[in-house]
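Peer 1: coordinates only, sequence not included:
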């Protein structure tokens, strides 16, 4: 009887061990499933964001094409105007923009780059919380794109911007991830040519966990995609470039992005001097300023597709 009792206890212990092992396996399976679900959800969200961005760009391009093909060109759309004069403003001040040209759409930037139809579309007041260089253009049916309107605001006693955190990944740099870049040299529309390389560097670390795998300062491949020299009648020069990829240690990360920069126009000066009899037609020979990309200008580019970074990790 004692032997039977011991056998019963042993069987119970064995059964308990099997149940514990089964429970652990089930918990591990549930955790793996949950992690897989979270990864799939993150991928879906990033794909949705990329799709929304592509749709927005396509819509803006379609609107622009419709405007350009709507009939004979009358002239330039009116330059946008700002509701708040340039200068020092209180933090939280809101700035409105408008254009007197009928059916005009306004696009704007606040980062120093010249706005295009792919820039943010103006849909309401812009809040000013720190020093801001606000630029805007207007496009409208039957008109050429407006000249660039620009103004500068400063904010008294503003707090310095918080340092940007590194991009932390789980070992894969996901499609749609935004990376901050910075220019590394001077480029002028006076001398640049289409196809020239432009110096760009990564402006933040990319990590897998706590390990830096793509350090700040890594080289970015980018090339000039369009150049226009400054012209007579106050026409400014302009530059555009496209971002292609980021080079890691043995891994190339495909990127999508680019910016446009336009010099200062002097069209208003030309119009003013044309009205002066002594100057007359000679005012038409006034040239606008060349576009000058300076070192230290920042921009963002997005990752084109999921890119594993495991190869970059140190053993």
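Peer 2: Thanks, I have it. Every value quoted in this text rests on a predicted model; they were computed, and no experiment measured them.
Peer 1: identify each buried residue in stretch 252-269, please.
Peer 2: Across stretch 252-269, burial judged by 16 or more other CB atoms under 10 Å covers 253-263, 265-267. (Each C-beta comes from the backbone N, C-alpha and C, glycine too.)
Peer 1: how about stretch 290-307?
Peer 2: Neighbour-count burial for stretch 290-307, counted by 16+ other CB under 10 Å, picks out 290-291, 293, 297, 299, 301-304, 307.
Peer 1: can you count the residues close to residue 142?
Peer 2: 17 (other CB atoms under 10 Å).
Peer 1: what does the pLDDT read for it?
Peer 2: In the prediction, the pLDDT value recorded for residue 142 is 90.
Peer 1: about what we covered before: just the buried residues of stretch 252-269: which are in strands?
Peer 2: In this view, the buried residues of stretch 252-269 that belong to strands under DSSP state E are 253-262.
Peer 1: nearest to residue 154, of those residues?
Peer 2: residue 261 (22.1 Å; CB to CB).
Peer 1: OK, contacts around the closest one?
Peer 2: By CB atoms under 8 Å, 6 or more residues apart in numbering, residue 261 lies in contact with 113-114, 238-240, 291-293.
Peer 1: domain parsing of this structure, as residue ranges.
Peer 2: If you go by automatic domain parsing, the domain ranges for the chain are 38-162, 167-312.
Peer 1: mean neighbour count, those domains: which tops it?
Peer 2: Highest mean neighbour count among the domains of the chain (mean count of other CB atoms under 10 Å): domain 167-312, with a mean of 17.
Peer 1: show me where pLDDT drops low in the protein?
Peer 2: For the chain, residues meeting the criterion pLDDT under 70 lie at 1-74, 159-162, 232-233, 249, 266-287, 310-315.
Peer 1: kindly recompute the last result at 90.
Peer 2: 1-76, 156-165, 209-210, 229-236, 247-251, 264-289, 309-315 (pLDDT under 90).
Peer 1: which residues sit in contact with residue 134?
Peer 2: Per CB under 8 Å, 6+ apart, neighbours of residue 134: 82, 95, 108-110, 126, 150-153.
Peer 1: out of these, who's nearest residue 220?
Peer 2: The closest of these to residue 220 turns out to be residue 109 (CB to CB; 20.3 Å).
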